[in-house]
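# Return a 3D structure for these sequence lines:
(one chain, ligands or ions: 1)
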Amino acid sequence: MPETGQSARTAPHTEQPAAPGHPAPDSATADASSADASSTAPAAGVPLPDQLAVEQQHVDRVYTRLDDELEQLAERESAALGQEAEDGVALNERDAEVRRLGARRTALQHAEHAVVFGHLDREDGLSLHLGPVGLRDGDERLVIDWRAPAAEPFYTATARAPQGLRRRRHITIENRTVVHVDDDLFGDTADAQGVTGEGALIRALSRSRDGRMHEAVATLQSEQDAIVRAPRAGVLVVQGAPGTGKTVVALHRAAYLLYRAPEVLRRGVLVIGPSARFLRYIGDVLPALGETNVVTSTIAGLLPGLDDVGPATPEVARLLGSATMAETVEGFLLSLQGTSAPEGCTLTWDGDEVLIPRGVIESAVDHARTQHRHHDDAREVFVERILGELTRIVADADEALLDDVESGFEAEVGQLDAALARNQDAVGPRQDEEDRAAQKDIAETQLRSEIAADDGVIQALDDLWPRLTPEQAVTRMLREGLDDETAPQLSAQEREVLAETAEQPWTVAHVPLLDEAAELLGEEDSDEAAAAETARRRRIDHARRVIASTAGVAGLVSAEDLAERAAEADTRDLATRALADRTWTYGHVIVDEAQELTPMQWRMLARRCPVRSMTVVGDIAQTSAELDTATWEERLAELRTAPRLEELSICYRSPRELVDAVEPLLHELRPDAHRLDAVRSSGDIPVLADGDIDEDELLTIWAKAKAKARARGTATGRGRAPATVRGRAEARAKAEAVTDAEAEAGARAEANANGEAEAERGVESRALITLEPARVLALLEVAGIDASADDLRSPLVVLAPEAAKGLEFDHVLVHAPDRIAEQKGLATLYVALTRATATMTVVQQGDVRVDLGPAWDRRQLFGTA
Ligand SMILES: Nc1ncnc2c1ncn2[C@@H]1O[C@H](COP(=O)(O)OP(=O)(O)OP(=O)(O)O)[C@@H](O)[C@H]1O
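All right, here's what the predicted structure looks like:
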């Protein structure tokens with residue numbers, strides 16, 4: 001039986017509901033066990049005890065509709081799949097229909113756990129229910145989609161600006177049963193502060209993490225919603241400390257734009273994340289919101305075939321990431337065009353040496369460059385010119401030779417001419433001038449194709465203007481193309497470092513150079529892409545004809561748009577088409593952990609979104625050591641457009657205790673950072689333990705203690721009512737009791753390794769962050785503890801600190817903070833220390849030199865205090 005309850009409070013009185021972490025004084029949350037739970041607040045004229053039942057009635061109707069629609073969708077899908085397609089067009093249309101039905105089905109299935117989460121009562125008497133997807137019953141709107149304009153006040157109404165609302169209600173559903181309603185009543189002048197839908201928010205945040213991010217449409221806060229619904233144009237930067245919901249905001253914004261902006265839907269959204277692991281972590285959010293026109297990728301994944309390249313060393317990453325590298329690549333390619341000896345290029349034709357003078361080569365280069373921007377296209381023009389010149393030189397030489405021969409036989413030729421004049425009939429009519437010219441042309445054309453097919457000439461042309469793949473171009477550039485002229489910004493030693501990478505496997509840092517080279521070369525993705533391009537041109541041509549011949553359409557839609565719409569019913573789905581095509585441009589680009597991108601990587605993204613409709617989220621304080629910390633404006637210089645900056649200020653992930661504990665680090669990394677607020681408190685003071693992870697079986701004790709601690713979390717209130725921020729002493733006392741309990745539990749669990757603690761695994765998540773993940777995994781294996789480096793759903797995940805970016809777990813142990821700071825930088829340590837939603841434990845032998853400040857529970861040995 002789920003706990004049920006209701007809370008009511010006056011609406012927040014501030015424009016931006018702020019100062020969370022301090023729930024409103026008059027807020028109350030109750031559950032089924034508290035006697036007056038359902039009778040504390042009046043709301044909308046219906047006695048409170050009945051409100052759960054009233055909502056349940058509506059929710060039941062919605063579930064009935066949902067079930068019906070799911071059934072119908074399944075029938076329509078199988079009918080569509082069973083349909084015979086007469087031709088390619090019909091097949092494409094059928095596939096598109098199946099995909100559309102599938103996307104709707106996925107969205108409804110994801111919505112099933114909470115098909116309704118909000119209820120608005122408006123002053124005008126209208127009552128609206130909100131959900132993750134819209135649902136109708138005939139003409140009646142049972143649920144409106146959270147992105148519809150009418151849903152906006154749910155996220156933004158305040159006591160000062162109620163936007164026509166009488167009441168805002170957050171509804172919590174478990175197993176199709178309404179278990180909570182939290183009301184904000186408008187029109188009351190009482191001054192209340194806090195987050196909106198606080199009860200629902202705290203319940204959502206207190207749930208155990210399961211290795212996957214979930215959508216948060218039910219509890220989006222107003223500062224987040226403002227970003228989600230911000231205008232699409234331009235580059236919007238969202239700066240925020242760890243856990244402030246940047247990823248949540250970015251993904252909900254993608255869903256919002258796909259719903260509201262047809263241009264975005266047509267071209268799709270690109271979401272860039274720092275690793276494949278992170279992309280798996282966020283992978284459920286957009287499908288849960290019914291959105292499939294989304295490509296998620298790492299930067300490296302944008303070049304098909306390079307999605308799993310490794311990282312570069314910090315030095316190589318820094319050198320290759322600099323924007324000057326773009327000029328270096330371009331300069332190198334230009335230097336390959338038409339290079340020859342000072343006097344020109346000598347080649348052999350028909351046993352003779354032929355010189356193409358340098359002046360001729362230079363003018364061919366100039367001509368080619370004015371005709372085409374891309375290396376490969378310009379090369380064709382250049383080759384045409386040189387072949388023409390070569391043919392002319394050879395033909396001239398032949399003619400000169402003939403002249404020589406003729407002059408040697410002048411007397412004989414004179415006699416022959418006289419004989420011919422005497423007896424014209426004997427030798428036929430004499431050719432006139434025109435015939436001779438035509439014959440000369442034919443001879444020259446033939447000569448030209450012989451020259452063009454000659455291996456020696458082909459080789460010479462390749463030397464003069466090489467045909468290259470991006471990989472060949474970058475390899476040659478690294479190996480031989482970095483000198484004072486092409487790369488004056490690099491020292492001799494730096495050039496050597498880069499040259500060493502020429503023959504090594506590509507790294508993430510090399511990918512933007514390859515992309516830059518591909519762009520400059522004008523590389524076609526593949527035959528398929530070329531074919532697709534031809535098809536596109538044909539479609540546009542056809543669309544133009546359609547527009548011209550259909551009355552009333554001209555001016556309403558462009559041929560390109562019409563062609564794109566036709567293309568939507570085409571072959572593969574958008575995500576597959578876009579990912580396979582390096583030159584695809586997106587309707588919107590979202591970049592997570594954006595502080596990590598180098599200028600060269602920004603150039604890659606700029607090419608993929610020429611209209612610069614981007615949402616960039618990140619935290620300057622979390623920037624890796626190899627990148628210079630700078631302002632966002634400096635960071636994004638390569639986008640060549642001034643960004644708008646928004647800042648998130650409330651931590652949703654970690655409890656107050658952890659936010660306080662990492663404050664000194666934050667201050668050191670970003671002295672100008674505002675103090676971060678936290679939504680909740682757990683009472684668990686982070687532990688700083690003197691010890692080593694393989695000493696005294698500490699690791700085993702921690703791993704198993706945490707497994708045991710999960711049951712305690714529920715039993716002692718975590719996950720229930722919002723815990724208010726307590727006095728530090730009280731929290732500390734509780735933390736000590738907790739840690740002792742953990743130690744005891746750990747000891748018990750150790751004695752009974754396959755017992756209760758094991759059985760509870762999977763309820764909460766744990767991560768161990770260390771510089772030696774392989775060694776720790778081996779230790780855990782010996783201890784018989786299940787752990788994984790990749791599977792975030794594993795009961796225990798072992799990660800290197802840099803791999804923890806963007807992720808979160810209920811319980812986190814960070815091993816050897818000083819070494820992490822020394823080897824990976826302070827910012828990476830900060831990342832590691834901010835991953836926990838419940839408890840944080842730091843283990844290191846001896847004193848910790850990094851200044852972690854006073855808000856830690858320092859212990860001699862973890863678990864034995
Ligand atoms: N409005 C919200 N309702 C419910 N949960 C939320 C809300 N906002 C954020 N969260 C939760 O808070 C946690 C942190 O959010 P998120 O990962 O988006 O933070 P972040 O700013 O991207 O952190 P980092 O800088 O570490 O990447 C997640 O569990 C997320 O689901």
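# Against M325, how distant is P599?
Here the criterion is CB to CB, to the nearest Å. By it, P599 lies 8 Å from M325. The C-beta positions use only the backbone N, C-alpha and C, and glycine is treated the same way.
# Out of the two, name the residue with the larger neighbour count.
Legend: neighbour count by other CB atoms under 10 Å for P599 and M325, higher for M325 (24 against 20).
# in which helix or strand would I find the residue in the stretch 751-865 of the chain positioned nearest to the ligand?
Here the stretch 751-865 of the chain gets closest to the ligand at one residue, G806, 4.1 Å apart by CB to the nearest ligand atom. For G806, there is no enclosing helix or strand under DSSP states H and E.
# Phi, psi for the closest residue to it other than its chain neighbours please.
Ranked by CB to CB, 6 or more residues apart in numbering and with sequence neighbours excluded, the top spatial neighbour of G806 is F278, at 4.8 Å. When read as degrees, to the nearest 10, the backbone of F278 gives phi -60, psi -40.
# Quick one: residues contacting F278.
Contacts for F278 were tallied using CB atoms under 8 Å, 6 or more residues apart in numbering; they are D592, E593, K805, G806, L807.
# would you list these in a markdown table and tack on pLDDT and distance to D441?
Below are those laid out as a markdown table (pLDDT from 0 to 100; distance: CB to CB, whole Å):
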| residue | pLDDT | distance to D441 |
| --- | --- | --- |
| D592 | 96 | 63 |
| E593 | 93 | 64 |
| K805 | 92 | 67 |
| G806 | 93 | 68 |
| L807 | 95 | 71 |
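# and of those residues, the nearest to I685?
L807 (22.8 Å; CB to CB).
# any idea how far the closest one is from R203?
Computed as CB to CB, the L807 to R203 distance reads 22 Å.
# any low-confidence regions in the stretch 651-800 of the chain?
Within the stretch 651-800 of the chain, the segments meeting pLDDT under 70 span 695-699, 704-763.
# Beta-bridge partners for the residue nearest the centre of the chain, please?
For the chain, the residue nearest the mean C-alpha position is I272 (1.4 Å; CA atoms, centre = their mean). I272 has these beta-bridge partners by DSSP bridges: S297, V591.
# so it sits right up against E596, yeah?
No - taking contacts as CB atoms under 8 Å, I272 lies outside contact range of E596: 10.0 Å.
# Which residue would be the closest one in the stretch 451-600 of the chain to the ligand?
E593 (6.4 Å).
# residues touching that residue, list them.
Neighbouring residues of E593 by CB under 8 Å, 6+ apart: G273, P274, F278, V617, G618, Q622, K805, G806.
# Show me the helices in the stretch 151-300 of the chain, by range?
Taking DSSP state H, counting those that start in this stretch to define them, one finds helices in the stretch 151-300 of the chain at 152-156, 198-206, 222-228, 246-260, 262-267, 276-282, 285-288.
# Report the buried residues of the first one.
By neighbour count, and taking 16 or more other CB atoms under 10 Å as the criterion, the buried residues in helix 152-156 are P153, F154, Y155, T156.
# thinking A827 is in contact with I620, fair?
No - using CB under 8 Å, A827 is not in contact with I620, being 9.1 Å away.
# which of these two has more neighbours?
Higher neighbour count among A827 and I620: A827, with 25 against 20, using other CB under 10 Å.
# what's the helix or strand for that one?
Per DSSP H and E, A827 falls inside helix 826-833.
# After that helix, which helix or strand is next?
Next helix or strand after helix 826-833 toward the C-terminus (DSSP H and E): strand 836-844.
# can you give me the angle that next one makes with helix 826-833?
120 degrees (axes from the mean of the first three to the mean of the last three CA atoms, to 10 degrees).
# Off-centre distance for strand 836-844?
28 Å (CA atoms, centre = their mean, to the nearest Å).
# Check which helices and strands the very next helix or strand once past it sits against.
Next along the chain after strand 836-844, taking DSSP H and E as the criterion, comes strand 857-859. Using 3 or more CB pairs under 8 Å, 6 or more residues apart in numbering; DSSP states H and E, the elements in contact with strand 857-859 are strand 687-690, helix 728-751.
# where does the stretch 701-850 of the chain come near the ligand, residue by residue?
Contacts of the stretch 701-850 of the chain with the ligand, taken as CB under 6 Å from any ligand atom, map to G806, E808.
# Then the chain?
201, 204-205, 213, 216, 219-221, 224, 240, 242-248, 619, 652-653, 806, 808.
# Tell me how many other residues surround A341.
Residues lying near A341 (other CB under 10 Å) number 9.
# Repeat that for the one 5 residues further on.
Using other CB under 10 Å, T346 has 12 other residues around it.
# R849 too?
11.
# Wait, it touches A816, no?
No - between R849 and A816 there is no contact under CB under 8 Å: 11.3 Å.
# Check the gap between L779 and R859 for me.
Here the criterion is CB to CB. By it, L779 lies 21 Å from R859.
# just P262 next, same as before
Using CB to CB, P262 is found at 58 Å from R859.
# if you count what's nearby, which of these two comes out ahead?
Neighbours were counted for P262 and for R859 using other CB under 10 Å; R859 has more, 18 against 12.
# mean confidence score for stretch 90-105?
Across stretch 90-105, the average pLDDT comes to 80.
# Can you give the distance from it to the centre of its chain?
With CA atoms, centre = their mean as the basis, stretch 90-105 stands 26 Å off its chain's centre.
# ditto for stretch 683-693
A distance of 34 Å separates the centroid of the chain from that of stretch 683-693, by CA atoms, centre = their mean.
# got the contact list for stretch 300-307?
When contacts are defined by CB under 8 Å, 6+ apart, stretch 300-307 is touched by residues 272, 276, 297-298, 308-309, 506, 508, 511, 514-515, 518, 525, 579-580, 582, 604, 608.
# Next, the distance between the ends of stretch 616-636.
10 Å (CA to CA, to the nearest Å).
# So for it, what gets flagged as buried?
Here stretch 616-636 shows 616-624, 626-627, 632, 635-636 as buried, counting by 16+ other CB under 10 Å.
# And stretch 492-511, by the same measure?
Neighbour-count burial for stretch 492-511 flags E494, R495, V497, L498, T501, A502, W506, T507, V508, A509, H510, V511 (criterion: 16+ other CB under 10 Å).
# Doesn't R819 lie inside a helix?
Yes - looking at R819 with DSSP: H, G, I helix; E, B strand; the rest coil, it is inside a helix.
# ok, it touching I769?
No - judged on CB under 8 Å, R819 makes no contact with I769 at a distance of 11.7 Å.
# The two: which is more packed in?
In this view R819 and I769 are compared by other CB under 10 Å, and I769 has more residues nearby, 30 against 15.
# got a list of what that one touches?
Neighbouring residues of I769 by CB under 8 Å, 6+ apart: L799, A800, P801, A804, V812, L813, V814, H815, I820, A832, R835.
# Could you check how far it is from R793?
I769 sits 18 Å away from R793 when distances are taken as CB to CB.
# contacting residues for the residue lying closest to A230 once chain neighbours are set aside?
Nearest non-adjacent residue to A230, counting by CB to CB, 6+ apart: L236, 5.7 Å away. The contact partners of L236, taken as CB under 8 Å, 6+ apart, are I227, A230, M614, T615, V616, P643, R644, E646.
# D455 too?
With contact set as CB under 8 Å, 6+ apart, D455 has no partners.
# next one: Y586
R267, G268, V269, L270, V295, A578, R608, C609 are the contacts of Y586 under CB under 8 Å, 6+ apart.
# Phi first, then psi, for the residue lying closest to F186 once chain neighbours are set aside.
Distances taken as CB to CB, 6+ apart place P162 nearest to F186, at 3.9 Å, with adjacent residues excluded. Note on P162: its backbone torsions stand at phi -70, psi -10 [degrees, to the nearest 10].
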